[in-house]
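>>> Structure, please.
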Amino acid sequence: MTIQSSAQIGNVIRNAVVFNVKNWTGGIMNSDSLIQSVQDFFAVLEGRKIDYVLVGGVAVLYYVEGRNTQDLDLLMALSSLEKLPELKVSSQDTDFVRANYGELQIDVLLTRNPIFKKVLAEYSKVQKFLDRNIPLATVEGLLLLKLYALPSLYKQGNFARVGIYENDIATLLHYYQPNMASLLNELSTHVNENDLEEIKSIITDIQNRIKRFKNDSR
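Numbers count the residues shown, from 1 in each chain. All right, here's what the predicted structure looks like:
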């Protein structure tokens with residue numbers, strides 16, 4: 001699947017929401033409104049010249065097919081977030097904000113976290129995506145964010161999200177073969193030694209699985 005328009009990305013998010021049984025007891029969502037919210041939100045970001053970077057499942061869709069997601073994930077400074085009074089914030093902590101723009105759920109990773117700031121500044125690039133130019137995290141930026149998050153997700157026992165993240169990592173490693181030594185060196189300044197060793201072990205396991213399946217397909 002190649003995403004060409006914000007209407008299509010609205011469809012991706014709508015389908016993920018509609019087919020999640022957890023949402024079935026909360027009333028019927030206006031799916032047309034959700035698609036319109038996606039279109040309107042990107043127009044607002046562009047019109048107000050908001051400094052942001054698109055990350056998460058939607059950004060992964062730029063690089064690989066088949067990703068599913070229920071929300072938009074953005075890197076953004078708190079000062080930029082304050083330029084969007086239309087957002088209805090439902091939760092907020094030091095590094096994250098969850099909000100809604102109409103029917104659309106938006107998760108904001110605040111750049112006061114050093115690695116989020118680093119990805120926004122050094123691991124992003126404006127790409128032709130949807131029906132406009134959008135600043136997207138690079139493959140390396142997406143990998144940094146997902147690897148950084150994994151130790152915390154394991155400690156929380158959030159294995160559903162662990163599975164999604166590890167699948168994204170495996171897919172990006174398979175198709176793009178980035179310089180993992182460089183990324184691990186970058187991560188070493190943002191995580192403790194134990195978490196870094198856990199991340200290295202995860203990467204090794206994924207790389208071995210990729211190698212094994214490549215050998216089996218020959």
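>>> only C-alpha atoms for contact and neighbour calcs from this point on.
OK.
>>> Assign residue 134 to helix, strand or coil.
Using DSSP: H, G, I helix; E, B strand; the rest coil, the structure places residue 134 in strand.
>>> To clarify, my last question referred to residue 79.
Secondary structure, three-state DSSP: residue 79 is helix.
>>> show me the contacts for it.
Residue 79 makes contact with no residue, according to C-alpha atoms under 8 Å, 6 or more residues apart in numbering.
>>> What residues does the residue positioned nearest the centre of the chain make contact with?
The centroid of the chain falls nearest to residue 56 when counting by C-alpha atoms, centre = their mean (0.8 Å). Neighbouring residues of residue 56 by C-alpha under 8 Å, 6+ apart: 72, 73, 74, 142.
>>> Any idea what residue 134 is bridged to?
residue 127 (DSSP bridges).
>>> so it touches residue 124, yeah?
No. Taking contacts as C-alpha atoms under 8 Å, residue 134 lies outside contact range of residue 124: 10.0 Å.
>>> so where's the protein shaky on pLDDT?
1-35, 66-70, 130-131, 216-218 (pLDDT under 70).
>>> residue ranges of the helices in it, please?
6-18, 31-47, 56-63, 78-81, 114-122, 139-156, 159-176, 180-187, 193-216 (DSSP state H).
>>> so which of those gets nearest residue 103?
Shortest distance between residue 103 and the helices of the chain, using C-alpha to C-alpha, is found for helix 31-47: 4.9 Å.
>>> Tell me how this protein divides into domains.
Domain ranges of the chain: 6-137, 141-216, per automatic domain parsing.
>>> Now residue 146. Nearest residue, chain neighbours left out?
Nearest non-adjacent residue to residue 146, counting by C-alpha to C-alpha, 6 or more residues apart in numbering: residue 165, 6.1 Å away.
>>> How many residues are close by the one you found?
As a burial measure, residue 165 scores 21 neighbours (other C-alpha atoms under 10 Å).
>>> Residue 50 too?
Counted with other C-alpha under 10 Å, the neighbours of residue 50 add up to 17.
>>> sorry, back to before: want to throw the helices of the chain into a markdown table with distance to residue 107?
Below are those laid out as a markdown table (distance: least, C-alpha to C-alpha, whole Å):
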| stretch | distance to residue 107 |
| --- | --- |
| helix 6-18 | 13 |
| helix 31-47 | 13 |
| helix 56-63 | 9 |
| helix 78-81 | 11 |
| helix 114-122 | 13 |
| helix 139-156 | 14 |
| helix 159-176 | 15 |
| helix 180-187 | 22 |
| helix 193-216 | 24 |
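>>> Indicate which one of those helices is closest to residue 104.
Comparison of the helices of the chain against residue 104 by C-alpha to C-alpha identifies helix 31-47 as nearest, at 5.8 Å.
>>> Run the chain-centre distance for that closest one.
18 Å (C-alpha atoms, centre = their mean, to the nearest Å).
>>> joint contacts of residue 134 and residue 124?
Jointly contacting residue 134 and residue 124 under the rule C-alpha under 8 Å, 6+ apart are residue 53.
>>> Brilliant, that's me finished.
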